[in-house]
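Asks: Let me see the structure of the following:
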Amino acid sequence: MNVYDSDRMADTLAPHGYQLCDAPDDADMVILNTCHIRENASEKVFHALGRYKPMKQAREAQGKDMILAVAGCVGQAEGPEIIRRAPYVDIVLGPQTYHRLPEMIERAKRAKKKKMEEGGKKERIVETDFPVESKFDHIPAPKSNNRISAFLTIQEGCDKFCTFCCVPYTRGAEFSRPVAEVVAEAKKYVDEGIQEITLLGQNVNAYHGEGANGSGEWGLGALCLELAELDGLKRIRYMTSHPRDVDDELIRAHGDCEKLMPFLHLPVQSGSDSILKQMNRKHTAERYFEIIDDLRKARPDIAFCSDFIVGFPGENDRDFEATMELVRQVNYAQAFSFKYSPRPGTPAAAIELQVPESVKVERLKALQDLLNQQQIAFNQSLVGKTTPVLFERYGKEENQYLGKSAYMQSVHVICPRDIIGKLLDVEVTEAGSNSLKGRLK
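Replies: As a prediction, this is how the structure comes out:
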């Protein structure tokens, strides 16, 4: 989603004479687009700001200017602290206000001019509210920038309030874009050559957009089927999903829609019902297994990816073993796993039963060893099989091309002709832990 937001900020600034540049030291404006989901996120922002400060000072010494902005969820959560610790920052904006960037830039320029003329303290621009109007109503139409794949945000915010997560506080309440608006943006991408679209949302399968022609609210399954009607669009993906929002319509869509890829990122976080309750996930391990089974019945070739948090407050050996058993039963193609890190202001950060760091490290290693074994086994299971690959870019070797399988694996082939933008069948000849090699059929 940050990639999508960064692209749209660039699109918003383009009509005002801005274009992307390769190096920050020659930039008229530097925007740090930030994420607050991981530990030490804000400190990383301050370290980055420390690197840009001398560049800004050097340009000012030459009579030039550099507007320095912090955008995204760290800006949303810690705007006043950013201004206090880094007073050379000109603009702080949250993820819901980047459509106002041109206005903020003009205000920052006026503030600098006023300070030069009148002296005193320079005004800093901080925009971290949740405006009534949607930013999607104001940003310009997207550009493909000659890519093969694109991201498309259809839903933002979260109403789940998992006790470990800061997203509801930085992204706000759940909001879904109207179907017609999503389809129009997707068509614009497809008309420019995009062949694969990944639908984005903090809880993307909580999508409940206004339907076409006044037909009531549509869910994600109906939206995917509508997008599949676009000529030229070859692949549809979506992320990230919550088990609570997987409904029968979405499951049927996986069975009925060939363009909807057989690969689902469905975070479970833990296999222990007691920990899931502490996390406020409002699903059980049994319900998660039921969803997996239903999806496999609808789409037998589907593979799964997930997220896991190890060492959540109160997690004991029995809880951790429940997570390991869930992993064994589901058998993932990929997964992301992390040690629990307290996020300021979240309920879990105040729980006293924090797990010792040494225990977190030990458990994370055991979990990651199992997940890595499953990923390697899944990759190796494709050796000798033929799989469609959408080729997106050149590789490092001569005549080498890289593409993505239906399961998000990187696939390398050697070919004497240009195959960028082609969806071609590849026979897999080798499998590594993170990528495949093959030859064109």
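
Asks: Secondary structure element for S433, which one?
Replies: Using DSSP states H and E, S433 sits within no helix or strand.

Asks: For D425, see how far away W218 is.
Replies: 33 Å (CB to CB, to the nearest Å). Where you see a C-beta, it was placed from the backbone N, CA and C, and this is true even at glycine.

Asks: tell me which element D294 is part of?
Replies: helix 285-298.

Asks: now that helix: mean pLDDT?
Replies: Mean pLDDT, helix 285-298: 98.

Asks: could I get that helix in PDB with only the CA atoms?
Replies: Output of helix 285-298 as PDB, limited to C-alpha atoms (Å, rounded to 0.1, in the frame of the first residue of the first chain):
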ATOM      1  CA  ALA A 285      -7.900 -22.200  15.000                       C
ATOM      2  CA  GLU A 286     -10.800 -24.500  14.100                       C
ATOM      3  CA  ARG A 287     -12.500 -21.800  12.100                       C
ATOM      4  CA  TYR A 288      -9.200 -21.100  10.300                       C
ATOM      5  CA  PHE A 289      -8.900 -24.700   9.300                       C
ATOM      6  CA  GLU A 290     -12.500 -24.700   8.000                       C
ATOM      7  CA  ILE A 291     -11.800 -21.700   5.700                       C
ATOM      8  CA  ILE A 292      -8.600 -23.400   4.400                       C
ATOM      9  CA  ASP A 293     -10.600 -26.600   3.700                       C
ATOM     10  CA  ASP A 294     -13.400 -24.700   1.900                       C
ATOM     11  CA  LEU A 295     -11.000 -22.800  -0.300                       C
ATOM     12  CA  ARG A 296      -9.100 -26.000  -1.200                       C
ATOM     13  CA  LYS A 297     -12.400 -27.600  -2.200                       C
ATOM     14  CA  ALA A 298     -13.300 -24.600  -4.400                       C
END
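
Asks: counting contacts, what elements does it pack onto?
Replies: Contacts defined by 3 or more CB pairs under 8 Å, 6 or more residues apart in numbering; DSSP states H and E place helix 285-298 against helix 248-256, helix 317-330.

Asks: how about 6 Å then?
Replies: helix 248-256 (3 or more CB pairs under 6 Å, 6 or more residues apart in numbering; DSSP states H and E).

Asks: by contact count, what packs against the helix it packs on?
Replies: Taking 3+ CB pairs under 6 Å, 6+ apart as the contact cut, helix 248-256 packs with helix 220-227, helix 285-298.

Asks: Any chance you could list what contacts the shortest one?
Replies: The set of residues that contact helix 220-227 without belonging to it, under CB atoms under 6 Å, 6 or more residues apart in numbering, is 186, 205, 207, 236, 249-250, 253, 257, 260.

Asks: how close does the closest residue to E210 other than its chain neighbours get to K187?
Replies: Excluding the flanking residues, the one nearest E210 by CB to CB, 6 or more residues apart in numbering is P178, at 4.1 Å. Using CB to CB, P178 is found at 14 Å from K187.

Asks: go on, L326?
Replies: For L326, the distance to K187 - CB to CB - is 40 Å.

Asks: can you pull out the strands in the stretch 301-441 of the chain?
Replies: All strands of the stretch 301-441 of the chain, identified by DSSP state E, counting those that start in this stretch, fall at 303-310, 334-339, 386-394, 400-404, 410-414, 423-431, 435-440.

Asks: Each with direction, which strands does the fourth one pair with?
Replies: In the sheet containing strand 400-404, its partner strands are strand 386-394 (antiparallel), strand 410-414 (antiparallel), by DSSP bridges.

Asks: Next: the second one.
Replies: Within its sheet, strand 334-339 is paired with strand 303-310 (parallel), according to DSSP bridges.

Asks: quick one: least confident helix or strand in this structure?
Replies: helix 167-171 (a mean of 78; mean pLDDT, DSSP states H and E).

Asks: ok, residues contacting that helix?
Replies: Residues contacting helix 167-171 (CB under 6 Å, 6+ apart): 36, 73, 76-77, 156-158, 161, 202.

Asks: Out of the residues you listed, which one has the weakest pLDDT?
Replies: Scoring the contacts of helix 167-171 by pLDDT puts H36 last, at 77.
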